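K.L.:
Structure for this input, please:
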Amino acid sequence: MKLVLWDIDHTLIATRGVGREIFGHCFEQVTGCPMREQAAVDGMTEPVIFRETAKLHGITSDRPMFEAFARLSAEQHQIRAEELRERGHALPGAAGSLDAVAGLGDVVQSVVSGNIAPVAQTKLAVFGLDTHLRFPLGGYGGDHDERPELVRLAMQRTRQALDIPLSADNVLLLGDTPADVAAGLARGVRVIAVATGSSTMTELRDAGAGQVLPDLTDPTVLLDWIAS
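P.N.:
Reported below is the predicted structural model:
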């Protein structure tokens, strides 16, 4: 059995500003302070983005504050799902790549994302990308601040749910940032990076990705890596 773990934002989808607007709304509702600026988001988990954004506004946050933010964020993504569908989009090749991997035998697909789990599911369902993904097996921002830990959790959950001795050699992570690459390498899994976010192919290679693709329009490399 092999496990393929997908990042979401800028790997499979783009929200085209809707995600930032929701973050800002929820931040103000929870902290009472309008969001003037947002902390760096690329490759970061939601708790870290919230905490660092709070710091930029002179606010010391805690876990209960983040959990209140997370609940509101999950609600707002559901409320604004139609707007997300209209303004955002699935990235080229995302649906085809998910379908192609699903066509292989003995492969399970899930998610490693800085998003909290309900938001991850909503985002992917909006664009019809949720069909082949086993969400309970994934690792999410609500689970831990650090991405390597999310990879570990996804592997652990897959082993337990499927009762299989899954090794790191049989895990493939796909993401669009050096942080995604570092998370995979920290857990000894193979990494394919796609330059569909703000990071260049050179930056992703320098980060240590085993393979770097310009996008997901040709799933051949992905399928070859899974088969190898």
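K.L.:
what are the ranges of the helices in the protein?
P.N.:
Ranges of helices in the chain, per DSSP state H, are 18-31, 46-56, 63-79, 81-87, 94-102, 117-126, 147-162, 178-186, 201-207, 220-227.
K.L.:
and of the ones you listed, who's closest to Leu213?
P.N.:
Set against Leu213 and scored by CB to CB, the helices of the chain come closest in helix 220-227, at 6.2 Å. Glycine gets a C-beta too; all of them are placed from N, C-alpha and C.
K.L.:
quick revisit: TSV for the helices of the chain, including mean neighbour count and distance to Val4?
P.N.:
Listed next are the helices of the chain as TSV, based on neighbours: other CB atoms under 10 Å; distance: least, CB to CB, whole Å:
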stretch	mean neighbour count	distance to Val4
helix 18-31	18	24
helix 46-56	20	22
helix 63-79	17	24
helix 81-87	14	24
helix 94-102	19	6
helix 117-126	22	14
helix 147-162	20	10
helix 178-186	23	12
helix 201-207	16	18
helix 220-227	14	7
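K.L.:
right, and those - which one's nearest Ile192?
P.N.:
Proximity to Ile192 (CB to CB) singles out helix 220-227 among the helices of the chain, at 6.3 Å.
K.L.:
Let me know the angle separating the closest one from helix 94-102.
P.N.:
Angle of helix 220-227 versus helix 94-102, following axes from the mean of the first three to the mean of the last three CA atoms, to 10 degrees, is 30 degrees.
K.L.:
which residues are contacting helix 220-227?
P.N.:
The contact list for helix 220-227 (CB atoms under 8 Å, 6 or more residues apart in numbering) reads 2, 4, 97, 100-101, 104, 107, 172, 174, 190, 192, 210-211, 213, 216.
K.L.:
how is this protein carved up into domains?
P.N.:
2-14+89-227, 18-86 (automatic domain parsing).
K.L.:
Export these to CSV and append columns for mean pLDDT.
P.N.:
Formatted as CSV, those follow (pLDDT from 0 to 100):
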stretch, mean pLDDT
domain 2-14+89-227, 96
domain 18-86, 97
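K.L.:
Dump the helices of the chain into JSON lines; add distance to Ile8 as well.
P.N.:
Listed next are those as JSON lines, based on distance: least, CB to CB, whole Å:
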{"stretch": "helix 18-31", "distance to Ile8": "10"}
{"stretch": "helix 46-56", "distance to Ile8": "11"}
{"stretch": "helix 63-79", "distance to Ile8": "12"}
{"stretch": "helix 81-87", "distance to Ile8": "12"}
{"stretch": "helix 94-102", "distance to Ile8": "10"}
{"stretch": "helix 117-126", "distance to Ile8": "6"}
{"stretch": "helix 147-162", "distance to Ile8": "12"}
{"stretch": "helix 178-186", "distance to Ile8": "11"}
{"stretch": "helix 201-207", "distance to Ile8": "17"}
{"stretch": "helix 220-227", "distance to Ile8": "16"}
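K.L.:
residues in contact with Gln35?
P.N.:
Quick fix: residue 35 reads Met, not Gln. 23-24, 27-28, 53, 57.
K.L.:
Pull up the gap between it and Glu82, please.
P.N.:
Per CB to CB, to the nearest Å, Met35 is found 23 Å from Glu82.
K.L.:
Same question for Asp62.
P.N.:
33 Å.
K.L.:
and the lengthiest strand in the chain, what other elements does it pack with?
P.N.:
Identified as the longest strand of the chain according to DSSP state E is strand 107-113. On a contact count with 3 or more CB pairs under 8 Å, 6 or more residues apart in numbering; DSSP states H and E, strand 107-113 meets strand 2-6, helix 94-102, helix 117-126, strand 139-140, helix 147-162.
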